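Colleague: The following comprises the amino acid sequence and a computationally predicted model.
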2 protein chains.
Amino acid sequence: MVEQSIIEINMTDRSGRKHSVPEEFDFLGGRGLTSTIVSREVDPSCHPLGPENMLVLAPGLFAGSVLSSANRLSAGAKSPLTGGIKEANSGGMAAYRMGRLGIKAVKITGSPGKAVQSLGIRISKEGVSFEDLSALQGKGTYETAETLLNMYGSKCALLVIGPAGERRLPTACININDMEGEPCRNLGRGGLGAVMGSKGIKAIIIDDEGAASPWKGNLQVKEAVKSFAAKLKEHPVTGEKFAMYGTVMTLLSVNALGGLPTRNFSSGLFEDAGNIGAETLRETIASRGGMTAHSCMPGCVIRCSNKYVDPEGNPVVGSLDFETVCLLGSNIGISSLDRIAELNRLCNDYGVDTMETGVALGVMGEAGVFEFGDYDRIKEIIHGIGGGTELGRIAGSGAETAGRIYGVDRVPVVKGQGMAAYDPRAIKGMGVTYAMSPMGADHTAGNAITLAVDHLDPGVQVEPVRDLHIDTMVLDSLGVCIFTGRVSLGSKEVLEEVLKAFYGKIITFDALRDMAKQSLRIEKLFNKQAGIDDRRDKLPGFMLKEKLAPNNSVFDVAAGDMETFYRFLSEDKE
Amino acid sequence: MVEQSIIEINMTDRSGRKHSVPEEFDFLGGRGLTSTIVSREVDPSCHPLGPENMLVLAPGLFAGSVLSSANRLSAGAKSPLTGGIKEANSGGMAAYRMGRLGIKAVKITGSPGKAVQSLGIRISKEGVSFEDLSALQGKGTYETAETLLNMYGSKCALLVIGPAGERRLPTACININDMEGEPCRNLGRGGLGAVMGSKGIKAIIIDDEGAASPWKGNLQVKEAVKSFAAKLKEHPVTGEKFAMYGTVMTLLSVNALGGLPTRNFSSGLFEDAGNIGAETLRETIASRGGMTAHSCMPGCVIRCSNKYVDPEGNPVVGSLDFETVCLLGSNIGISSLDRIAELNRLCNDYGVDTMETGVALGVMGEAGVFEFGDYDRIKEIIHGIGGGTELGRIAGSGAETAGRIYGVDRVPVVKGQGMAAYDPRAIKGMGVTYAMSPMGADHTAGNAITLAVDHLDPGVQVEPVRDLHIDTMVLDSLGVCIFTGRVSLGSKEVLEEVLKAFYGKIITFDALRDMAKQSLRIEKLFNKQAGIDDRRDKLPGFMLKEKLAPNNSVFDVAAGDMETFYRFLSEDKE
């Protein structure tokens, strides 16, 4: 096995210690590992912003190598947004550098007290040190990242928070720098940036100088990396479409299915979808000299990322992605990519999840706080997140809270988390995913849009979506991007071969699925102990009654079918 | 039996119908009845502000008579504040008038759509009519009440909401007029005013012209009324202390016990308690010509209410009570009764719960939104509740939401509802009540301060508090004020005799307790179905760890003891 360690950091006494990795974690990484650690070590009834909560970072099993799409970093904690267990994962440089340092996981507990909001944690071959970053207090993530890369070296990986995280807003994210240093790869959902902020941490700096890939010179690994990349390149979606259009490739088809959230989920059809669709995005970026076919992390051959630029070719934001284009676009009545990109940039800079912010703004639009499409007013509200105005704080506290404050009863959330860019009345499998995920309405828990089913048929969703949740947990726990799914899950052998090459052992896909089920069980149990039980596995009532144009459909997957979703957990239990 | 009816109102088609009362409800009123109806007829997963929620009003079994302290009105619904079942009850004129009209309950469902916020419902001998009150839209409760009493007759009972209810803020209350017409008797907790507002109702007018007490001329009843009053008068507390000092009589003793919430529950001792204590209140009111020993409803001989006046003798607010004096006083650093009275008046006028507002403000003070004690700024924030500023909306959305928005981890709530004016680290029985009540942190569910136990001893609380919850449910379901408890619960015979006189039947106290247990079971079940299970029967973590001055005590009633609290529900089940 590769030599690895777990780093334990206590912010109360500012101590850092290295521990060896228990054998049981040998084949557990990413989400599986963060959820296992959180469920064992965090009191489910603790306050998410209190010192008892723990921020856990865990790369996957191939981190530090250049296996394509396999350098995702998971972060876990009790969520300030949902009150339940949370995992968010992201590309960028962090997992890669952590892998090279032999870091299996980083666990951060404690708090230096509320007055301290500006500590840095530097992790390198020499160990852990604590840095005074008070000069960066209140700064946006872009300035923060630029300063830190100048201070600590441009090759460092960074995890930083913006003013939203310092303010402990429940939608604050943690931003990771990409290969160009832009802090635009976000551990986005569930307010993990607020957990980091509550521990007084402004930035985590991963400096892998002097380290190398744990598999350096390993020919089997080299071969497996090549072979996996070749398979991804062969597939029309992972080999071509993602690189051409990025994630926005989905937008027009979701709109055609009548499932594109528009003006707070009041329609599934956005009349200006063409203006914000994939062709427009591609042409705009190409004509201005931005980048498409960009990799968000070392080794990725899918390259779904992009760099959006303004008409003069100046950088605006790294990777304008589908969820953002919809939720900060059609969902709030904005139909210009330039405007969406600017809002995206602001959210990144202030350090809030673009998705939750978009859903919250949708609710505020419905309440009449602004007219849908009123770009100037929306921009002002987002500036308020950075500036700490009450309006900004509300927008930065998530859709459910916005609904409370403005008395709105059409609030598209599950377990306190806003929905992604698929209306579950038209993409019903996504409704199953939203309802069932322990994370709240998280599309990545089982990205049902990829299923080859009739998305409007309520009778055919539950079983394939359940399989998808398990498969997704497999990928999330390996640190492998779900966008590889068409290939990596295409046959059992694909991942088995990769694991054999990297670890010299046969780990069957079925064994991975068993571990995945165990991780789902653990997450559900944590939630239950936190007071969030199966009765919260539901979509908001309005989606069961209010017909969505243009299909005039409601979410009508039978409650009885939904209840069978997790049956496997009790059936498989010894 | 007295001839009674249940009135069903649907606001979607603006229809009202009278129904007969099922026999099973013969001896069920108040909270027992609202909770039974809500649990049967409201989908636990509905949005509290949606048309599916139901606002249920139910007087008690003696409503319309002048039995002392027995004209309380219960209101029930799914709570916008807690997401669980809610009952709030209050004195004032409403139950009395409803009793004379033979109204067992009023059930209100549906919604006329969001544009309509200004309907009146008039209930009289002739039935139900719908009134256009658009002239009152946005008006405070004082102007609303005055206008309505001029329009419909000064003897009408009113239930009105202020701008907070129209805005559907989760702490909006429903105000009932007292005998002088002041809309100061509040169905305060849990946002029932928002439910009323979500149904487009500005006011409910109960006009009992032509009606009489259902027991008019009944000599047994006359005798029972006399005898009950005599018993209350004989007891030193119900016969004298309440009339002399009002509910504020508790303040100095709670402070002496080290349990008076001060500056967001950061101390149990308020250095200026003397300035806001009972003697000061009494002297101030007396020297200025206000009223003490005031009855909040017809027939009450306890007379705990008062009318606070300014230095010139002008009315400020009807009944300055203990919870408000603490939560809008010591808890936010205000040490002047004049100032507290003014804040109370404003909250009443805008139609928000003074208690939840005080707890929310405490959290905001901790966040640094204002300096504790900064009266001008606090007043401005409360004005914002009336004016709909973002700051006002936050303060009007409850302590839990304020904690989210400002990233505070010391938030004194249970199940989303703010605590009352007893810190549970010093008054531990109250902690049991807060944790266990299906209503959230509701002191009235089991007012443990009245128990003759060592309030600091964690080992002696659970059993007597459990009994108190059952007894309280008995009183709440009879429509009898809990302040009668020292007498009405003093022996089993007291209530049995009253019931015998009024209903000609022997209903044993034990039978009442059995019904009470059933009502508690129903409430817990509703919550469970709404996703709020026993795991939420907990105080916030900081109260288990952070020592409270001056006792340096934490809440340490053993979790195992707490878990036995509701064991009787399963034991008694057939």
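Modeller: Now that the structure is in, tell me what you want to look at.
Colleague: how about stretch A:101-116: buried residues?
Modeller: By neighbour count on 16 or more other C-beta atoms under 10 Å in any protein chain shown, the buried set for stretch A:101-116 is A:101-112, A:114, A:116. For the C-beta atoms, the positions are set from N, CA and C on the backbone; glycine is no exception.
Colleague: cool, stretch A:222-240 as well?
Modeller: Under the neighbour-count criterion of 16+ other C-beta under 10 Å, stretch A:222-240 has A:Ala224, A:Val225, A:Phe228, A:Ala229, A:Lys231, A:Leu232, A:His235, A:Val237, A:Thr238, A:Gly239 buried.
Colleague: Just give the number of residues close to A:Tyr460.
Modeller: Rather than Tyr, residue A:460 is Val. By other C-beta atoms under 10 Å in any protein chain shown, the residues close to A:Val460 number 17.
Colleague: Now it. Nearest residue, chain neighbours left out?
Modeller: With C-beta to C-beta, 6 or more residues apart in numbering or on different chains as the criterion, A:Val460 has its nearest non-adjacent residue at 4.9 Å, and that residue is A:Val453.
Colleague: residues of the lengthiest helix in chain A that come out buried?
Modeller: For chain A, the longest helix by residue count, based on DSSP state H, is helix A:509-529. Buried residues in helix A:509-529, counted by 16+ other C-beta under 10 Å: A:509, A:512-513, A:515-524, A:526-529.
Colleague: Contact distance from chain B - what residues of the stretch 201-350 of chain A qualify?
Modeller: Applying the criterion C-beta under 8 Å from any C-beta of the partner chain, no portion of the stretch 201-350 of chain A neighbours chain B.
Colleague: Do a quick rundown of the helices in the stretch 201-350 of chain A.
Modeller: For the stretch 201-350 of chain A, the helices defined by DSSP state H, counting those that start in this stretch occupy A:219-234, A:236, A:242-245, A:251-256, A:278-288, A:322-327, A:337-350.
Colleague: can you redo these as JSON lines with mean pLDDT and distance to B:Gly92?
Modeller: JSON lines is the format used below for the helices of the stretch 201-350 of chain A (pLDDT from 0 to 100; distance: least, C-beta to C-beta, whole Å):
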{"stretch": "helix A:219-234", "mean pLDDT": "98", "distance to B:Gly92": "71"}
{"stretch": "helix A:236", "mean pLDDT": "95", "distance to B:Gly92": "72"}
{"stretch": "helix A:242-245", "mean pLDDT": "95", "distance to B:Gly92": "65"}
{"stretch": "helix A:251-256", "mean pLDDT": "97", "distance to B:Gly92": "54"}
{"stretch": "helix A:278-288", "mean pLDDT": "97", "distance to B:Gly92": "62"}
{"stretch": "helix A:322-327", "mean pLDDT": "98", "distance to B:Gly92": "47"}
{"stretch": "helix A:337-350", "mean pLDDT": "98", "distance to B:Gly92": "48"}
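Colleague: mind checking which of those is nearest A:Asn264?
Modeller: helix A:322-327 (10.3 Å; C-beta to C-beta).
Colleague: ok, the residue of the stretch 301-450 of chain A found nearest chain B to B:Tyr406 distance?
Modeller: The stretch 301-450 of chain A approaches chain B most closely through A:Gly407 (2.8 Å), counting by C-beta to the nearest C-beta. Look at A:Gly407 and B:Tyr406: by C-beta to C-beta, to the nearest Å, they are 20 Å apart.
Colleague: go on, A:Leu468?
Modeller: Distance from A:Leu468 to B:Tyr406, by C-beta to C-beta: 38 Å.
Colleague: Tell me which helix or strand in chain A has the weakest average pLDDT.
Modeller: Least confident helix or strand of chain A, by mean pLDDT, DSSP states H and E, is helix A:567-572 with a mean of 81.
Colleague: what about chain A, any weak spots by pLDDT?
Modeller: Residue ranges of chain A with pLDDT under 70: A:1-2, A:572-574.
Colleague: about what we covered before: quick check, nearest of the buried residues of stretch A:222-240 to B:Ser154?
Modeller: Closest to B:Ser154, out of all of the buried residues of stretch A:222-240 and judged by C-beta to C-beta, is A:Val237, at 75.1 Å.
Colleague: Surely that closest one is in contact with A:Gly485?
Modeller: No - look at A:Val237 against A:Gly485 with C-beta atoms under 8 Å: they stay out of range, at 9.6 Å.
Colleague: Apart from its chain neighbours, what residue comes closest to A:Asn447?
Modeller: Excluding the flanking residues, the one nearest A:Asn447 by C-beta to C-beta, 6+ apart is A:Ile482, at 6.1 Å.
Colleague: same thing with A:Ala367?
Modeller: A:Ala367 sits nearest to A:Tyr406 (C-beta to C-beta, 6+ apart), 3.5 Å away.
Colleague: Test my guess that the one you found contacts A:Phe370.
Modeller: No - contact criterion C-beta under 8 Å: A:Tyr406 and A:Phe370 do not qualify, at 11.4 Å.
Colleague: the more surrounded of these two?
Modeller: Neighbour tally, A:Tyr406 and A:Phe370, criterion other C-beta under 10 Å: the higher count belongs to A:Tyr406, 23 against 19.
Colleague: Of the buried residues of helix A:509-529, which ones also sit close to chain B?
Modeller: Checking the buried residues of helix A:509-529 against chain B (C-beta under 8 Å from any C-beta), the matches are A:Lys528, A:Gln529.
Colleague: ok so, going back, quick one: which of the buried residues of stretch A:222-240 is nearest chain B?
Modeller: Among these, and counting by C-beta to the nearest C-beta, the member closest to chain B is A:Val237, at 37.6 Å.
Colleague: Tell me the residue of the stretch 51-200 of chain A that sits nearest chain B?
Modeller: A:Arg168 (2.8 Å).
Colleague: My read is that A:Val128 contacts A:Ile9, right?
Modeller: Yes - using C-beta under 8 Å, A:Val128 is in contact with A:Ile9, at 6.2 Å.
Colleague: Pull up the overlap in contacts between these two.
Modeller: Counting by C-beta atoms under 8 Å, 6 or more residues apart in numbering or on different chains, the contacts common to A:Val128 and A:Ile9 are A:Gly16, A:Arg17, A:Ile121.
Colleague: A strand includes the last one, no?
Modeller: When you say that, I think you mean A:Ile121. Yes - membership of A:Ile121 in a strand is supported by DSSP: H, G, I helix; E, B strand; the rest coil.
Colleague: where's it relative to A:Ala172, distance?
Modeller: 17 Å.
Colleague: So which of the two has more stuff around it?
Modeller: A:Ala172 (35 against 25).
Colleague: For that one, list each beta-bridge partner.
Modeller: Listed by DSSP bridges, the beta-bridge partners for A:Ala172 are A:Val352.
Colleague: secondary structure element for A:Phe130?
Modeller: strand A:127-132 (DSSP states H and E).
Colleague: Near the residue nearest to A:Asn447, how many other residues are there?
Modeller: Look at A:Ile482: counted by other C-beta under 10 Å, it has 23 neighbours.
Colleague: Who are the contact partners of it?
Modeller: Shown in contact with A:Ile482 (C-beta under 8 Å, 6+ apart): A:Thr444, A:Asn447, A:Thr472, A:Leu475, A:Asp476.
Colleague: contacting residues around the last one?
Modeller: Remark: with contacts taken as C-beta under 8 Å, 6+ apart, A:Asp476 is in contact with A:Gly30, A:Arg31, A:Gly32, A:Arg72, A:Ser74, A:Glu87, A:Asn89, A:Thr444, A:Ile482.
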